[in-house]
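J.: This is a predicted model, with the sequence first.
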Amino acid sequence: MAEAPERTSAWIRRFQSAPEAASQLVCFPHAGGSAVYFLPVARAMAPSVDVLAVQYPGRQDRRAEPCVEDVHELADRAAAELLAWADRPLCLFGHSLGATLAYEVALRLEREGVDLVGLIASGRRAPSRHRDERIHELDDQGLIEDLRRLSGTDARMLADPEILEMILPYVRGDYKAAETYRPRTSGETRVSCPVVVMTGDADPHVTNEEAHAWSAHSSGPFDLHEFSGGHFFINDHAPAVIQVISEFIEGRIPTANRA
């Protein structure tokens, strides 16, 4: 494997360096999210786990770049970047759109011979469970109302016209990527690593059956954790969510590999 880069890149952010950690957690943001969303996770898990966060094009310091509105293209590009970080065991975590992307990246990394610690999918139905959703086709007000309904965006941002002008293009692009995604039917459609799923019991986007369906996408062990709350239950249960992730990684990393 290639040696891990010393510094972060346009795609990969490292907010809390943990160079002695035996493993790395790669975090994929939700639709409309950015890498900095995972800053608290990096602080909470260091120094035992080195947390990396993926920054999609089209937002914040990458706002001059066009959004990528296709999950498969996003996965191709993100996986190519992450190959340089595979010097230590990688665990992939994603919420909502990020869960789908993490799954597609996991497929690509395993094809390249990367032995993953696991895939943790949060707030997203299994790739094989499609819904006909077209929120990305709504006007700006309709998009804003959906963001408000999911309670994942600061209400002050949704009331600021200047901020909305900056964020709505990439929010719409992310929604389009999520809603038009279809898993490819050719090639391997299951990861070999364990899959852990986390869901909110009142999430309008994921039923219990849709969450359990993730088990068909792995030839390894499967586990499901249900929390109270809606789509952004992870905000309300952050310590418990981080504990689930930490205990999963700790249980998968051989003692000999730990710092």
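T.: Nice, thanks for sending it over.
J.: Can you tell me the closest non-neighbouring residue to residue 104?
T.: In space, and not counting its chain neighbours, residue 104 is closest to residue 75: 3.6 Å by C-beta to C-beta, 6 or more residues apart in numbering. C-beta: built from backbone N, CA, C; applies to glycine.
J.: got the phi/psi numbers for the nearest residue to residue 192 once chain neighbours are set aside?
T.: Once flanking residues are discounted, residue 192 sits nearest to residue 219: 5.2 Å by C-beta to C-beta, 6+ apart. Torsion angles at residue 219 (phi, psi; degrees, to the nearest 10) stand at phi -90, psi 0.
J.: so who does residue 219 touch?
T.: The neighbours of residue 219, taking C-beta atoms under 8 Å, 6 or more residues apart in numbering as the test, are 190-192.
J.: top of those by neighbour count?
T.: Within the contacts of residue 219, residue 191 tops the neighbour count with 23 neighbours, counted by other C-beta atoms under 10 Å.
J.: Would you agree it is in contact with residue 110?
T.: Yes - Residue 191 is within contact range of residue 110, at 6.0 Å (criterion: C-beta atoms under 8 Å).
J.: okay, and the common contacts of the two?
T.: Residues touching both residue 191 and residue 110 (C-beta under 8 Å, 6+ apart) are residue 116.
J.: Quick check: beta-bridge partners of the residue nearest in space to the middle of the chain?
T.: The chain has residue 94 as the residue nearest its centroid, 1.9 Å off, counting by C-alpha atoms, centre = their mean. Taking DSSP bridges as the rule, residue 94 bridges to residue 28, residue 121.
J.: Quick check: it vs residue 19, distance?
T.: Distance of residue 94 to residue 19, computed by C-beta to C-beta, to the nearest Å: 24 Å.
J.: in the chain, what secondary structure element scores lowest on mean pLDDT?
T.: One helix or strand of the chain scores below all others by mean pLDDT, DSSP states H and E: helix 155-158, with a mean of 73.
J.: Helix, strand or coil: sort out the closest residue to residue 117 other than its chain neighbours for me.
T.: Residue nearest to residue 117 in three dimensions, not counting chain neighbours: residue 91, with 3.9 Å by C-beta to C-beta, 6+ apart. Using DSSP: H, G, I helix; E, B strand; the rest coil, the structure places residue 91 in strand.
J.: list the contacts for residue 91?
T.: 23-26, 116-120, 245, 248-249, 252.
J.: For these, pick the one with the most neighbours.
T.: residue 25 (28 neighbours).
J.: wait, isn't it in contact with residue 245?
T.: Yes - counting by C-beta under 8 Å, residue 245 is a contact partner of residue 25 at 6.7 Å.
J.: mind checking how far whichever strand or helix holds the residue nearest to residue 104 is from the chain centre?
T.: Residue 75 belongs to helix 71-82 when assigned by DSSP states H and E. Here helix 71-82 shows a centroid-to-chain-centroid distance of 12 Å under the convention C-alpha atoms, centre = their mean, to the nearest Å.
J.: Low-confidence ranges, the stretch 151-259 of the chain, go.
T.: Across the stretch 151-259 of the chain, the ranges flagged by pLDDT under 70 are 151-152, 154-155, 254-259.
J.: list the buried ones in the lengthiest helix in the chain?
T.: When the chain is parsed with DSSP state H, its longest helix is helix 161-180. Across helix 161-180, burial judged by 16 or more other C-beta atoms under 10 Å covers 164, 167-168, 170-179.
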